[in-house]
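> here is my input, please return the structure:
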Amino acid sequence: MEFPELGEHCSERTCKQLDFLPLRCDACGEVFCKDHIRYDNHKCSSAYKKNVQVPVCPLCNAPIPVQKGEIPDIVVGAHMDKDCKYNPSQQRQRIFTNKCLKPGCKRKEMMKVVCEQCGGNFCIKHRHPLDHNCKGSSHPTSKAGYAALMRASEAALKSAGAIGVPSNGSLQHNR
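Sure thing, here's the model as predicted:
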């Protein structure tokens with residue numbers, strides 16, 4: 001043999017395969033091949049130190065301690081029957097809590113829709129500054145928004161204009 005010190009033999013007594021990339025069990029410290037590295041495959045006597053799973057109650061999300069030899073499903077079921085702190089009436093939370101600040105509007109949204117100019121919370125229908133008579137800055141903060149208003153005002157002026165936007169950016173109604 002050219003490299004007799006290269007590799008190690010699998011510690012499983014029925015295998016003893018020479019492995020050039022051996023794996024060391026993190027529980028018992030023995031060397032195994034890829035087929036026997038799992039705790040169950042080499043009947044590891046120290047697996048209880050590493051192979052620990054703590055079940056969690058699906059109702060209250062509390063970790064449930066399980067003693068060695070107990071079946072986790074039975075222990076979690078007993079917890080749910082006796083010790084579980086889950087109260088369905090407390091868990092029911094309102095989803096639509098963000099009320100629109102537009103006077104006369106009673107809509108509520110799931111998430112906040114905040115105006116960039118005035119900082120108010122509005123519904124989807126009144127989210128744009130023109131829809132809620134925004135008292136913020138005189139023109140939209142983004143250049144794209146200002147350009148869109150300019151295009152809209154030019155189109156409106158051509159069709160016997162309702163809204164005009166002068167070069168200074170302030171809105172006015174032409175009637």
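
> now stretch 30-50: buried residues?
Residues of stretch 30-50 classed as buried: 30-33, 36-37, 39, 42, 44, 47 (neighbour count, 16 or more other C-beta atoms under 10 Å). Where you see a C-beta, it was placed from the backbone N, CA and C, and this is true even at glycine.

> pick out the most distant pair among those residues.
Using C-beta to C-beta, the buried residues of stretch 30-50 reach their maximum pairwise distance at Cys33 and Ala47, which is 17.6 Å.

> if we can go back for a sec, narrow the buried residues of stretch 30-50 to those in helices?
In helices, judged by DSSP state H, the following of the buried residues of stretch 30-50 are found: Ala47.

> closest one to Lys85 out of the buried residues of stretch 30-50, please.
Ala47 (32.4 Å).

> the closest one against Ala27, yeah?
Yes. The pair Ala47 and Ala27 passes the contact test of C-beta atoms under 8 Å, sitting 5.3 Å apart.

> now for the two: what residues contact both?
Tyr39 (C-beta atoms under 8 Å, 6 or more residues apart in numbering).

> what's next to stretch 124-133, contact-wise?
With C-beta under 8 Å, 6+ apart as the criterion, stretch 124-133 contacts 100-102, 105, 107, 109, 113, 115, 117-118, 120, 122, 136, 140, 171.

> got a winner among these for most neighbours?
The most crowded member of these, judged by other C-beta atoms under 10 Å, is Phe122 (25 neighbours).

> contacts only, for that residue.
Each residue near Phe122 by C-beta under 8 Å, 6+ apart is listed here: 100-102, 105, 113-115, 131-132.

> got the CA positions of the top helix by length along the chain in CSV?
Secondary structure of the chain per DSSP H: the longest helix is helix 143-158. The C-alpha coordinates for helix 143-158 follow below in CSV (Å, rounded to 0.1, in the frame of the first residue of the first chain):
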residue,chain,number,x,y,z
LYS,A,143,-40.3,64.3,-9.3
ALA,A,144,-42.3,61.5,-10.9
GLY,A,145,-45.4,62.6,-9.1
TYR,A,146,-45.0,66.2,-10.1
ALA,A,147,-44.4,65.2,-13.7
ALA,A,148,-47.6,63.1,-13.6
LEU,A,149,-49.6,66.1,-12.3
MET,A,150,-48.2,68.3,-15.0
ARG,A,151,-49.2,65.8,-17.7
ALA,A,152,-52.7,65.4,-16.2
SER,A,153,-53.1,69.2,-16.0
GLU,A,154,-52.0,69.6,-19.7
ALA,A,155,-54.5,67.0,-20.8
ALA,A,156,-57.2,68.6,-18.6
LEU,A,157,-56.6,72.1,-20.1
LYS,A,158,-56.9,70.7,-23.6
